[in-house]
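>>> Pasting the sequence and the predicted model now:
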Number of protein chains: 2
Amino acid sequence: MKESKEGITVKKEENMPEWYEQAVQKAELADFAPISGFMVIKPRGYAIWENIQNYFNKRIKFYGVKNTYFPLLIPESYFKREAEHAKGFEPELAWVQKDEGERLAIRPTSETIIHDFFSKWIRSYRDLPLRINQWCNILRWEVKQTKLFLRSREFLWQEGHCAYETEEECEKEVLLILEEYRKLAEEILAIPVLVGEKTEKERFAGAKRTYTIEALMPDGKALQLGTSHNLGQGFSKVFNVKFLGKDEKEHLVWLSSWGFSTRLIGAIVMAHGDNKGLVLPPAVSPLQITIIPILTKKDKEKVLKKCQEIKEALEKNFTVEIDSREDYSPGWKFNEQELYGTPLRIELGPKDLEKDQVVLVRRDLNTKKIIKTYQLKKEVEALLDTIQKSLYVNAKRFLDSSIVEVKAWEEFLKTVKDKKITLASFCGEVECEDYIKSETDGATSRCIKEVTSGKCIKCNNKAKYKVYFSKSY
Amino acid sequence: MKESKEGITVKKEENMPEWYEQAVQKAELADFAPISGFMVIKPRGYAIWENIQNYFNKRIKFYGVKNTYFPLLIPESYFKREAEHAKGFEPELAWVQKDEGERLAIRPTSETIIHDFFSKWIRSYRDLPLRINQWCNILRWEVKQTKLFLRSREFLWQEGHCAYETEEECEKEVLLILEEYRKLAEEILAIPVLVGEKTEKERFAGAKRTYTIEALMPDGKALQLGTSHNLGQGFSKVFNVKFLGKDEKEHLVWLSSWGFSTRLIGAIVMAHGDNKGLVLPPAVSPLQITIIPILTKKDKEKVLKKCQEIKEALEKNFTVEIDSREDYSPGWKFNEQELYGTPLRIELGPKDLEKDQVVLVRRDLNTKKIIKTYQLKKEVEALLDTIQKSLYVNAKRFLDSSIVEVKAWEEFLKTVKDKKITLASFCGEVECEDYIKSETDGATSRCIKEVTSGKCIKCNNKAKYKVYFSKSY
């Protein structure tokens, strides 16, 4: 019998990158592919993605967003039309050349081809608002080192694309989606986020305004989890997306786009995992409850029968499995489920059977609770809810305690070194932000907190707003 | 007010290709992309795909198949390992060349890269059976003319890949999936199919045996809807997929793969559509019931209120929408829903309100039925069920009446010309099948019906089996 399963061999607090790579691979979420920069998403990783998709599809369908599918390949001439967009994505494109025709890019994002279709589909104000989304694969040929889920050349994402009659309506829904992203992060993934506009330097290539949700990982680096862009009329101008208004005149539409990716899975791993493995929020865990029978020769049948009864009682409301394999010890199974991050474990042996009880173990705190079987359903529901909230509260405490507001450049340097999120007044200039990045060895603006009237922390010119700075993934 | 919407301008029975293209585009299922061979799947088309996905995901999860995601790009060396596979797909590959490395193919199917991972993941019999699936995009650079959904260079599909200890188990599940494909086609899409093994010539490149489900379209051409392959041990040999057996010896695994694509959507359009537009089976229609109020100034509020009540009563069990737009006439809305193929229409005007009744119109037969409001739920349920079955029965009658068994080559030529499915004894030789294809201007074997002991219809040598032949998409 297999007695104990090898866990993660480094400590999260000592070597986070190595811990992360082991956690992702030993929990069987993903693997490195043979081509540098690519990954394989394994069943446990993909199941988290499906849970995120199921949640988010319901949300956007509620707002009238419809799913679609646009081509993988985009003609080179499309990228060239919007100059900033082209400049932003050009270095990361992978090309396919077939026949005599122009080069075709594997999509790094689909604004260009989608707006081309918008120009065909939109005729009058009756066709607006037009709200579509697609779940698809994306290719960006980055040169940095691959990190599973966090940075890879190919990833999966959703990209929403909407067209509106008025600027107000467009901006309103850009913020509505941003709020949906915040809810997804905080309520489903249990990851608290900073929410705000990006500075000019960090804006999406071709956008008028970019909004973001930013999480803080335990190693003090920020992670951008989703962005919602107000594209203004830049793209509608070059792709000729016009509509006949109620005033019987032609107008350009206002466009938005918004996306999040499989990077979210990496965020969950980093935010909540511990030295035993993943700790998954119940709302996205592929499995919420594992039942592990303690088997003896004498009582095997009885114990398994009871486990089956418990499973049947719970499976209407929760995802639950029994691990009745006989060539693995209960200890091995505990280790495995700890690696997987399954929120709740139910242990049941002959003694428990006698007393009509089960042992409930929380993955996040490793606390045990013995309860009577008749209490199980209620108790499980309450515990899963508590775990979901508790993961959020802990992460929120960490985020809140990591934000330091500074008034002087020396302090700024120190807080960056201390791996804090630094809140400082900033002029908003791209050049000044470049200086800050180079002098801090990589700290970038994450998002704008609020408008201010002070002086810029770096150049001392008039500040525009207070901005969160930190190193990031 | 818009009075009547333009429908399809050609007759299905007179010009099927043109009818099809108009039907797909006017029902807003898909559009041609700017690059030849590519398409855009619009919300109404994608919603059908989502309904198919939801159904099929439940089925395969029941059998323990888990969803995953493998890379879009596959190194050239991978394809070369399995010689027949390489030869089969080489002409259709699109390549990406980055850096100094080897060429990378955009996946035309993923056996090679998946089997490479199987060789890493599978160690002992404990890891078997291993059953995975992915929903993804696929690229095959065909040169034939694009037909939306039916033939395009990029399409969406599911590809299942499984590994087993024994040949028996492998073959058993290859047939199990084939049976699931049959159920999907017949029970969900309402399309009857011929089910059987492919001849050697039509086998998947690298497979030991290929099984197929084949539908007959109203123009007399067959359409392959899904295939399930027993790959034997060819791939496991070249990708070194071995396991330590219960006998403590090393063995090669037995592999299978199986797939269907967005082509199914094209099949639904062709099989059931009529001169007014699509006729969608209730099980996959994005919308099952449309409520169209007949509005007069006086009774507008009352009628809309009643429509809302009806919607609320039905929406727990069915997908239902009210079309209360005021700048379109009821006639325009009828035309639109006929194009869309929505199975049931509910009309409700002031007179109906007075009599506490509604008018129910079936899309497939265009028959009207007046019923009391209290009967609605029961009636709708029964009617949707009847429509689903009736579409199948009609298509089945057509299929059955289109099969002709022949004994002589002259008869064979005639039945092919008459656009029938020709059942004939066949020797099974690739060369003989090539002759049949060229002499009939394109008739190919669709699948094997049964073993026989007669003589081959073409070469007069000993026949192996009776085979269905016809032209095909």
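Yep, it's here. Numbering: from 1, shown residues only, chains lettered A, B, ... in the order given.
>>> Where does the stretch 51-200 of chain A get nearest to chain B, residue-wise?
residue A:66 (3.4 Å; CB to the nearest CB). C-betas here are computed from N, CA, C, even on glycine.
>>> and that residue, what is it in contact with?
Applying CB atoms under 8 Å, 6 or more residues apart in numbering or on different chains to residue A:66 gives the contacts A:131, A:132, A:133, B:43, B:46, B:47.
>>> For it, name its beta-bridge partners.
residue A:132 (DSSP bridges).
>>> Name the nearest residue to whichever residue of the stretch 251-400 of chain A sits closest to chain B, ignoring sequence neighbours.
Nearest to chain B, among the residues of the stretch 251-400 of chain A, is residue A:327, at 7.4 Å (CB to the nearest CB). Distances taken as CB to CB, 6 or more residues apart in numbering or on different chains place residue A:1 nearest to residue A:327, at 5.7 Å, with adjacent residues excluded.
>>> In the stretch 251-400 of chain A, mark out all the strands, start to finish.
Under the criterion DSSP state E, counting those that start in this stretch, the stretch 251-400 of chain A carries strands at the ranges A:254-261, A:289-293, A:320-322, A:344-348, A:357-362, A:368-372.
>>> Please tell me I have it right and residue A:445 contacts residue A:201.
Yes: counting by CB atoms under 8 Å, residue A:201 is a contact partner of residue A:445 at 6.9 Å.
>>> How is chain A partitioned into domains?
Per the record, chain A has its domains at A:16-272, A:289-382, A:403-470, by automatic domain parsing.
>>> all helices of the stretch 351-473 of chain A, in order?
With DSSP state H, counting those that start in this stretch as the criterion, the stretch 351-473 of chain A has helices at A:376-401, A:409-417, A:430-439.
>>> Quick check: which of the ones you listed is nearest to residue A:75?
Nearest to residue A:75 among these is helix A:430-439 (30.5 Å), distances taken as CB to CB.
>>> what helices or strands is that closest one leaning on?
strand A:444-451 (3 or more CB pairs under 8 Å, 6 or more residues apart in numbering or on different chains; DSSP states H and E).
>>> average pLDDT for the strand it packs on?
Mean per-residue pLDDT for strand A:444-451: 97.
>>> what sits against residue A:383?
Counted by CB under 8 Å, 6+ apart, residue A:383 has contacts A:344, A:360, A:362, A:369.
>>> can you list the residues of the stretch 201-350 of chain A near chain B?
Residues of the stretch 201-350 of chain A lying near chain B by CB under 8 Å from any CB of the partner chain: residue A:327.
>>> Then residue A:40 would be within a strand, right?
Yes: using DSSP: H, G, I helix; E, B strand; the rest coil, the assignment for residue A:40 is a strand.
>>> Quick check, it in contact with residue B:110.
No: with contact defined as CB under 8 Å, residue A:40 does not count as touching residue B:110 (10.4 Å).
>>> anything in contact with each of the two?
With CB under 8 Å, 6+ apart, residue A:40 and residue B:110 have common neighbours residue B:70.
>>> distance between stretch A:339-356 and the chain's centre?
32 Å (CA atoms, centre = their mean, to the nearest Å).
>>> So which bits of that stretch are buried?
For stretch A:339-356, the buried set under the neighbour-count rule, 16 or more other CB atoms under 10 Å in any protein chain shown, comprises A:339-350, A:352-353.
>>> Contact partners for the closest residue to residue A:106 other than its chain neighbours?
Spatial nearest neighbour of residue A:106, excluding adjacent residues (CB to CB, 6+ apart): residue A:139 at 4.3 Å. For residue A:139, the contact set (CB under 8 Å, 6+ apart) comprises A:94, A:106, A:107, A:108, A:153, A:154, B:72.
>>> So what pairs up with residue A:139 in the strands?
When bridges are called by DSSP bridges, residue A:139 pairs up with residue A:154.
>>> Please tell me how far it sits from residue B:96.
Residue A:139 is 9 Å from residue B:96, where distance means CB to CB, to the nearest Å.
>>> now swap in residue A:320 and tell me
Applying CB to CB, the value for residue A:320 to residue B:96 is 44 Å.
>>> Same check on residue A:298?
In terms of CB to CB, residue A:298 sits 62 Å off from residue B:96.
>>> Comparing the two, which residue is more hemmed in?
Neighbours per residue (other CB atoms under 10 Å in any protein chain shown) separate residue A:298 from residue B:96, with residue B:96 holding more: 18 against 9.
>>> ok, now which ones touch that one?
By CB under 8 Å, 6+ apart, the neighbours of residue B:96 are A:94, A:95, A:96, A:106, B:73, B:103, B:104, B:105, B:106.
>>> Other residues contacting stretch A:314-333?
The contact list for stretch A:314-333 (CB under 8 Å, 6+ apart) reads A:1-5, A:285-295, A:304, A:307-308, A:311, A:336-337, A:347, A:376-377, A:380-381, A:384, B:126.
>>> Quick one, which of those residues are buried?
Buried among the contacts of stretch A:314-333 (16+ other CB under 10 Å): A:5, A:285-295, A:304, A:307, A:311, A:336-337, A:347, A:376, A:380, A:384.
>>> Any regions of the stretch 201-350 of chain A where pLDDT drops low?
Of all residues in the stretch 201-350 of chain A, none has pLDDT under 70.
>>> quick one on the thing from earlier: mind putting the domains of chain A into JSON lines with distance to residue B:178?
As requested, the domains of chain A are exported to JSON lines (distance: least, CB to CB, whole Å):
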{"stretch": "domain A:16-272", "distance to residue B:178": "23"}
{"stretch": "domain A:289-382", "distance to residue B:178": "28"}
{"stretch": "domain A:403-470", "distance to residue B:178": "53"}
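>>> Look up how far residue A:329 lies from the most far-flung residue of chain A relative to its centre.
No residue in chain A sits farther from the centre than residue A:298, which is 48.0 Å out by CA atoms, centre = their mean. For residue A:298, the distance to residue A:329 equals 18 Å [CB to CB].
>>> From what I see, residue A:467 and residue A:451 are in contact.
No: between residue A:467 and residue A:451 there is no contact under CB under 8 Å: 10.8 Å.
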